[in-house]
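Q: just the structure for this:
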Amino acid sequence: MTDDHPTVYDQVLYPGQPFPQSHPDRLATVASLYGMSPRPVPHCRVLELGCGCGHNVIPIAYQWPECELLGVDLSRRAIEEGRNEIAALGLTNIELRRLDIAEVTAELGRFDYIIAHGVYSWVPSAVRAKMLEIFKANLAPQGVAYVSYNCYPGAFPNDLARRMMLFHVRGCADPAERVRESRALLAFLAEASAENQIHGLILRAQHERIREKSDTLLFHDDLDAGATPFFLYEVVEEAARHGLQYLADATSPVLDPRIHSEPVRRMLERIPERELAVREQYLDFTNGRGFRNTLFCHDDVDLRRGVGPADVARYCLSALVERAPGTGPSPDATAEFTAARGASLSTDHPLSKYALAYLGDAWPRAVSFTELLDQSLARLGEAAHAIKARLDEEIVALSTVLFQAYAARLLDLHLYPPTRLTTSVSERPEASRLAREQAKTAAVVTNLCHGRVALEGDLVRHFLLRLDGTRDLDQLVAELNAAPRATGGVAGDAPLTREIVERNLEMLARRGLLVA
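A: Residues are numbered from 1 along each chain as shown. As a prediction, the model looks like this:
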């Protein structure tokens, strides 16, 4: 029976948020790439272990009303907050249940997608084993399980700092004091350690790392004495003992040696494609990865490991990319494209350059390969004639560049792209009801791409709240100009114009917040 005592997460609520890499569309797309037949996302069953207040599963329920979702968590406070949000949205396809993971049984039925983000490294070994048992017992035959965890070798420096902080606050129980004293210790160590020694470099890097963390994340993620990182191979081997096999990584689903350095390429080429987990383990050794998002499926599923450029055409594509300054748009020039998350790719292939530029302009909309090809050829103008004369060869080259961009995390593939969003501003614009509900109490909301959007200032937040589809642009301008600043208006300041309101609506559309 679930323990009725409060948890540390009741004392300090963990900040909920959506995790795009755990979205069923991502899981279904990766499964499909490797030859599986996942359940269509619009009609799937989803279970999240350690759901907190539901900020990862509630947006999925909102976006796909025919889905059935269940989230379980031990924190009474988190479950109550999530239930309140579900009620406010009027959702009937999701349930949040206060339940110990150890008490989950096969009686809950089979799920097409099981998600466990931020749990595996922070629970005792018996609970980790139970999670893998749940994956095996409750996962549909073609289902996908997602589990994230801290991983070595990147977690070694974090572990060093964590153990020092835990020693420093060993006699302190108050959460705020533990956080304050931990920050003070790392600041001291960063200043006191030798500048020309590796140890000092590590401590200063750790000081910078925790400076960027919120107090809540530092308290739960770093000051949990039981937090345990793993090597990828350890998790894969443990899952195999429970009848599961490694599918892929959710954040970097495919591995293309061409985007790596020559030494890394030589290393990867010595390892068979079918041994994907082994290849990725050696990549972790070289790049110092510290966090993983691992996908598993049943060990009797026959996976197809030869994923390549030809597969790209089967999916919709999306990319928040921009052409780097100084790289020309002409067909003959080399162009470099960069993504918001830091990835970059250069190409001198004319069709590919126009395709990547089109994806950037179309964001946040996902487009089919056919639309991408047609629009790219149209943008090429006269230069398209020569390309059409050898179109099959050009499509192969385009697919190769797009596959490299996918492997480099410059773009995403979608089997079930985001629905309901629009990139155009209607006469009576409407923002996502989910985002409007969240904006009542928070400055960060979830968009229709399952991502986070920070609302910059009270004016933007109150502007979003007015976008319920009942006001036209002139009414929005009038209301914002008439309302006092205290309620998100601009009364007393320079008046807003229709042009300014239109620009802000375009910005919200670009961020995936407007519905069709």
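Q: what helix or strand is residue 126 on?
A: Secondary structure assigned from DSSP states H and E places residue 126 in helix 125-138.
Q: now that helix - C-alpha only, PDB.
A: Taking C-alpha atoms only, helix 125-138 is exported to PDB below (Å, rounded to 0.1, in the frame of the first residue of the first chain):
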ATOM      1  CA  SER A 125      18.300  -0.300  -6.800                       C
ATOM      2  CA  ALA A 126      15.100  -2.200  -6.000                       C
ATOM      3  CA  VAL A 127      12.900   0.500  -7.600                       C
ATOM      4  CA  ARG A 128      15.200   0.600 -10.700                       C
ATOM      5  CA  ALA A 129      14.700  -3.100 -11.100                       C
ATOM      6  CA  LYS A 130      10.900  -2.700 -10.600                       C
ATOM      7  CA  MET A 131      10.900   0.000 -13.400                       C
ATOM      8  CA  LEU A 132      12.500  -2.500 -15.800                       C
ATOM      9  CA  GLU A 133      10.000  -5.100 -14.700                       C
ATOM     10  CA  ILE A 134       7.200  -2.700 -15.500                       C
ATOM     11  CA  PHE A 135       8.700  -2.000 -18.900                       C
ATOM     12  CA  LYS A 136       8.600  -5.800 -19.600                       C
ATOM     13  CA  ALA A 137       5.200  -6.500 -18.100                       C
ATOM     14  CA  ASN A 138       3.200  -3.400 -19.100                       C
END
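Q: hmm, who's touching it?
A: Contacts to helix 125-138, defined as CB atoms under 8 Å, 6 or more residues apart in numbering, come from residues 47, 49, 101-102, 104-106, 108-111, 114, 116, 119-120, 123, 145, 147, 238-239, 242-244, 296, 298. All C-beta atoms are positioned from the backbone trio N, CA, C, and that covers glycine.
Q: in it, what's buried?
A: Applying a neighbour-count criterion of 16 or more other CB atoms under 10 Å, one finds 127, 128, 130, 131, 132, 133, 134, 135, 136, 138 buried in helix 125-138.
Q: before we move on, what about stretch 199-212?
A: Within stretch 199-212, the residues that count as buried by 16+ other CB under 10 Å are 200, 202, 203, 204, 206, 207, 209, 210.
Q: list the single closest residue to residue 115 in space, sequence neighbours excluded.
A: residue 48 (4.4 Å; CB to CB, 6 or more residues apart in numbering).
Q: does that neighbour count as helix, strand or coil?
A: With DSSP: H, G, I helix; E, B strand; the rest coil as the basis, residue 48 sits in strand.
Q: got a list of what it touches?
A: Contacts of residue 48 by CB under 8 Å, 6+ apart are 56, 57, 69, 70, 71, 72, 114, 115, 116, 117.
Q: may I ask which two of the residues you listed are separated the most?
A: Across these, no pair lies farther apart than 70 and 117, at 15.1 Å, counting by CB to CB.
Q: where does residue 178 sit: helix, strand or coil?
A: Relying on three-state DSSP, one would call residue 178 helix.
Q: contact partners for it?
A: For residue 178, the contact set (CB under 8 Å, 6+ apart) comprises 169, 172, 219, 223.
Q: and the end-to-end length of stretch 66-78?
A: Chord length of stretch 66-78, first to last residue, is 25 Å (CA to CA, to the nearest Å).
Q: what comes up buried for it?
A: 67, 68, 69, 70, 71, 72, 73, 74, 75, 76, 77, 78.
Q: which one of those residues is nearest residue 9?
A: Set against residue 9, the nearest of the buried residues of stretch 66-78 by CB to CB is residue 75 (3.9 Å).
Q: surely that closest one meets residue 9?
A: Yes. Taking CB atoms under 8 Å as the definition, residue 75 is a contact partner of residue 9 at 3.9 Å.
Q: so where's this protein uncertain?
A: 1-3, 326-331, 485-487, 491-492 (pLDDT under 70).
Q: okay, now the domains of it?
A: Here the domain assignment for the chain is 8-152+229-298, 156-212, 309-414, 433-510, based on automatic domain parsing.
Q: relative to residue 425, which of these is closest?
A: Shortest distance between residue 425 and these, using CB to CB, is found for domain 433-510: 4.5 Å.
Q: centre of the chain to the closest one, how far?
A: Put simply, domain 433-510 sits 25 Å off its chain's centre (CA atoms, centre = their mean, to the nearest Å).
Q: so where do the helices sit in the stretch 301-450 of the chain?
A: 350-362, 369-380, 384-389, 391-407, 433-439 (DSSP state H, counting those that start in this stretch).
Q: what's the last one packed up against?
A: In terms of contacts (3 or more CB pairs under 8 Å, 6 or more residues apart in numbering; DSSP states H and E), helix 433-439 is packed against helix 58-63, helix 76-89, strand 444-446, helix 458-465.
Q: kindly recompute the last result at 10 Å.
A: helix 58-63, helix 76-89, strand 444-446, strand 452-454, helix 458-465 (3 or more CB pairs under 10 Å, 6 or more residues apart in numbering; DSSP states H and E).
Q: for these, which one sits closest to residue 489?
A: Among these, the nearest to residue 489 by CB to CB is helix 458-465 (7.3 Å).
Q: list the buried residues for that closest one?
A: In helix 458-465, counting by 16+ other CB under 10 Å, buried: 459, 460, 461, 462, 463, 464, 465.
Q: what do you get for stretch 104-122?
A: Here stretch 104-122 shows 104, 108, 111-122 as buried, counting by 16+ other CB under 10 Å.
Q: same check on stretch 280-297?
A: 280-284, 289-290, 292-297.
Q: again with stretch 78-90
A: Residues 78, 79, 81, 82, 83, 85, 86, 89 are the ones in stretch 78-90 that count as buried (16+ other CB under 10 Å).
Q: and the second one, how far from residue 289?
A: When CB to CB, to the nearest Å is applied, the distance between residue 79 and residue 289 equals 33 Å.
Q: cool, the last one as well?
A: When CB to CB is applied, the distance between residue 89 and residue 289 equals 36 Å.
Q: just give the nearest non-adjacent residue to residue 512, would you?
A: Nearest non-adjacent residue to residue 512 (CB to CB, 6+ apart): residue 447, at 3.6 Å.
Q: and that neighbour, how many neighbours does it have?
A: Neighbour count of residue 447, defined by other CB atoms under 10 Å: 22.
Q: repeat that for residue 450.
A: Residue 450 has 21 neighbouring residues, counting by other CB under 10 Å.
Q: and the contacts of residue 178, which two are the farthest apart?
A: 172 and 219 (11.6 Å).
Q: got the contact list for residue 315?
A: 29, 32-33, 366, 368-369, 402, 406, 412-417 (CB atoms under 10 Å, 6 or more residues apart in numbering).
Q: would JSON lines of those with neighbour count be doable?
A: Formatted as JSON lines, the contacts of residue 315 follow (neighbours: other CB atoms under 10 Å):
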{"residue": "29", "neighbour count": "22"}
{"residue": "32", "neighbour count": "18"}
{"residue": "33", "neighbour count": "23"}
{"residue": "366", "neighbour count": "25"}
{"residue": "368", "neighbour count": "15"}
{"residue": "369", "neighbour count": "19"}
{"residue": "402", "neighbour count": "26"}
{"residue": "406", "neighbour count": "25"}
{"residue": "412", "neighbour count": "23"}
{"residue": "413", "neighbour count": "25"}
{"residue": "414", "neighbour count": "20"}
{"residue": "415", "neighbour count": "20"}
{"residue": "416", "neighbour count": "22"}
{"residue": "417", "neighbour count": "21"}
